[in-house]
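In: take a look and give me a structure for this.
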Amino acid sequence: MADGPAAPPEKTAAMAVQLRRTRFLGQQYADITKLRELAARQDQLAAKYEQRISRINTRIERLRHQATLLREKGQKVLAGVGEVEQEIKQYQRDIDAATAHHRGSVLTSDVTALHYRVRKLQQKVVDLQQKSRSLELRAAQRTQKTAELKVKVDRLVEAAHLAAQEATQYRQRADRLQLVTEQDVTASAPASSSAPPGGTGSEASAPADRSGPPPAP
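Out: Numbers count the residues shown, from 1 in each chain. A predicted model of the protein is given here:
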């Protein structure tokens, strides 16, 4: 049993071309959205790098401030060493005077007391020097940490720059593809709307030709 008259070959070919064009345009729109998604992902990655850079820079400034405070404390500690050394020199003069008074024969309690005070002050000098060196070491460790963090910041800055460049490239590709797609759609629109819905001109004038001349009176 026949299903009905078959479609003309010209109409079938036109429908196939139209379907291929529709699929092609749909694929182009899918590519555009994918490129914009990739651009958004790269923008997000660049923003993440920038966030890490900001936090590390804050940490660097905190470490630098701590190192400066430690160095200032170390300098204050060393400044106290000079005063102690002046006291030691004064005690040394007192010891020499006491020894000369006794003509170096017998050490008395006042001389041994002066020696004990000198030793205590010398011990204080060593303790102050050790404290100052400890503070300098801690400051140097923080300075070294800031140097390591600066290297990390430089790497993150480069990575953020590359991510931003890739995002720009994806976005430019999407813009160019969208421009080409819009041009294709604009070019195909007049071709599809140029054919009149009532058929060709010869077919429209056919009924008027079959009507024949009017009857004579």
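
In: centre-most residue in this protein?
Out: Central residue of the chain (Cα atoms, centre = their mean): Tyr49, 2.2 Å from the mean position.

In: for it, phi and psi?
Out: phi -60, psi -40 (degrees, to the nearest 10).

In: chain neighbours aside, what residue packs nearest to it?
Out: Spatial nearest neighbour of Tyr49, excluding adjacent residues (Cβ to Cβ, 6 or more residues apart in numbering): Ala160 at 3.6 Å. In short, each C-beta sits where N, CA and C put it, glycine included.

In: and the gap between Arg55 and Arg173?
Out: For Arg55, the distance to Arg173 (Cβ to Cβ, to the nearest Å) stands at 33 Å.

In: which parts of the chain are helices?
Out: For the chain, helices defined by DSSP state H occupy the ranges 9-101, 109-193, 201-210.

In: how many neighbours does Ile60 have?
Out: Using other Cβ atoms under 10 Å, Ile60 has 19 other residues around it.

In: the one 4 residues further on too?
Out: For Arg64, the neighbour count with other Cβ under 10 Å is 15.

In: wouldn't it be in contact with Thr146 here?
Out: Yes: with contact defined as Cβ atoms under 8 Å, Arg64 counts as touching Thr146 (5.7 Å).

In: of Arg55 and Arg173, which one has the most company?
Out: Just comparing Arg55 and Arg173: by other Cβ under 10 Å the higher neighbour count belongs to Arg173, 16 against 10.

In: low-confidence stretches in the protein?
Out: Scanning the chain for pLDDT under 70 picks out 1-26, 102-107, 184-185, 187-217.

In: repeat the analysis, applying 50 as the threshold.
Out: The model of the chain has pLDDT under 50 over residues 1-2, 4, 191, 193-217.

In: was I right about Ile95 contacting Leu114?
Out: Yes: with contacts counted by Cβ under 8 Å, Ile95 reaches Leu114, the gap being 4.7 Å.

In: out of these two, which sits in the more crowded spot?
Out: Set side by side, Ile95 and Leu114 show more neighbours around Leu114, with 21 against 18, by other Cβ under 10 Å.

In: the more buried one against Ala97, yeah?
Out: No: using Cβ under 8 Å, Leu114 makes no contact with Ala97, being 9.6 Å away.

In: how close does Asp31 get to Ala139?
Out: Asp31 is 57 Å from Ala139, by Cβ to Cβ.

In: cool, and Glu83?
Out: Glu83 sits 23 Å away from Ala139, going by Cβ to Cβ.

In: what residues are up against the nearest residue to Glu166 once chain neighbours are set aside?
Out: Closest residue to Glu166 apart from its sequence neighbours, by Cβ to Cβ, 6+ apart: Gln42 at 4.6 Å. Under the criterion of Cβ atoms under 8 Å, 6 or more residues apart in numbering, the neighbours of Gln42 are 163-164, 166-167, 170.
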